[in-house]
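Student: Only the shape, not the letters, is given here:
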């Protein structure tokens, strides 16, 4: 079995070249090939042995090519969940990386974009904060009961069922109150 694993390890450059047909991102390719090598190590040894005995190293190469394509193109692959899904939520912008002597300069593709490298310079859009302040001001004019039920539902994240259990008020009564407050707020805020 160790001979098969040694031969598979020698195929890593070939798998990298195959991956360039699917993407040009070097980090993505390296991660995908690494995942493929891990996949070979974790797969059923009997199946791997039978592929090798039947078609030799060419059969393993074809099997690896299919697994590599799947990992780079499918949103249900382990590679997608481990790398793509996580990192695209952190930073969805592409950077041009240029090496100068011993330093690496990161140049954002769009200098006005929100990304990890210019967060301190980011200008915050206060639109949502302004709306929340307007809602707070409008709630002050309401009856204490209506205001409190609305706050418990929206600001503390309770569901109608959990709120009914906590307050011993019927679910229908709570819904009617929240719906009434919503209508009042819509009228006040759209004026």
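Tutor: Cool, got the structure. Since the model is a prediction, treat every value here as computed from it, not as a measurement.

Student: how about the strands in this structure?
Tutor: Across the chain, reading from the start of the chain, the strands by DSSP state E fall at 95-100, 103-108.

Student: Give me the neighbour count for residue 157.
Tutor: 8 (other Cβ atoms under 10 Å). The C-beta positions use only the backbone N, C-alpha and C, and glycine is treated the same way.

Student: try residue 147
Tutor: As a burial measure, the neighbour count of residue 147 was computed by other Cβ under 10 Å and equals 17.

Student: got a pLDDT number for the residue nearest to it when sequence neighbours are not counted?
Tutor: The shortest distance from residue 147 to any residue that is not its chain neighbour, by Cβ to Cβ, 6 or more residues apart in numbering, is 5.0 Å, and that residue is residue 139. At residue 139 the predicted local confidence, pLDDT, stands at 85.

Student: In contact with residue 139, which residues?
Tutor: Neighbour list for residue 139: 147, 150-151, 181, 185 [criterion: Cβ atoms under 8 Å, 6 or more residues apart in numbering].

Student: again with residue 188
Tutor: Residues counted as contacts of residue 188 (Cβ under 8 Å, 6+ apart) are 138, 141.

Student: Would you mind giving both backbone torsions of the residue with the largest distance to the centre of the chain?
Tutor: The outermost residue of the chain, judged against the average C-alpha position, is residue 143 (42.0 Å), by Cα atoms, centre = their mean. Note on residue 143: its backbone torsions stand at phi -60, psi 140 [degrees, to the nearest 10].

Student: Let me see the mean pLDDT of stretch 30-46.
Tutor: Within the predicted structure, the mean pLDDT of stretch 30-46 is 86.

Student: Mind listing what's buried along it?
Tutor: When burial is assessed from 16 or more other Cβ atoms under 10 Å, stretch 30-46 yields the following buried residues: 31-33, 35-37, 39-40.

Student: Quick check: which helices or strands does the lengthiest helix in the chain pack against?
Tutor: Ranked by number of residues, the top helix in the chain under DSSP state H is helix 45-73. Here helix 45-73 is seen to pack against helix 2-10, helix 12-19, helix 26-42, helix 78-79 when contacts are counted using 3 or more Cβ pairs under 8 Å, 6 or more residues apart in numbering; DSSP states H and E.

Student: Mind putting these into CSV with distance to residue 58?
Tutor: Putting the helices and strands packed on helix 45-73 into CSV (distance: least, Cβ to Cβ, whole Å) gives the following:
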stretch, distance to residue 58
helix 2-10, 11
helix 12-19, 11
helix 26-42, 15
helix 78-79, 24
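
Student: By mean pLDDT, which helix or strand of the protein comes out lowest?
Tutor: Lowest mean confidence among the helices and strands of the chain (mean pLDDT, DSSP states H and E): strand 95-100, at a mean of 42.
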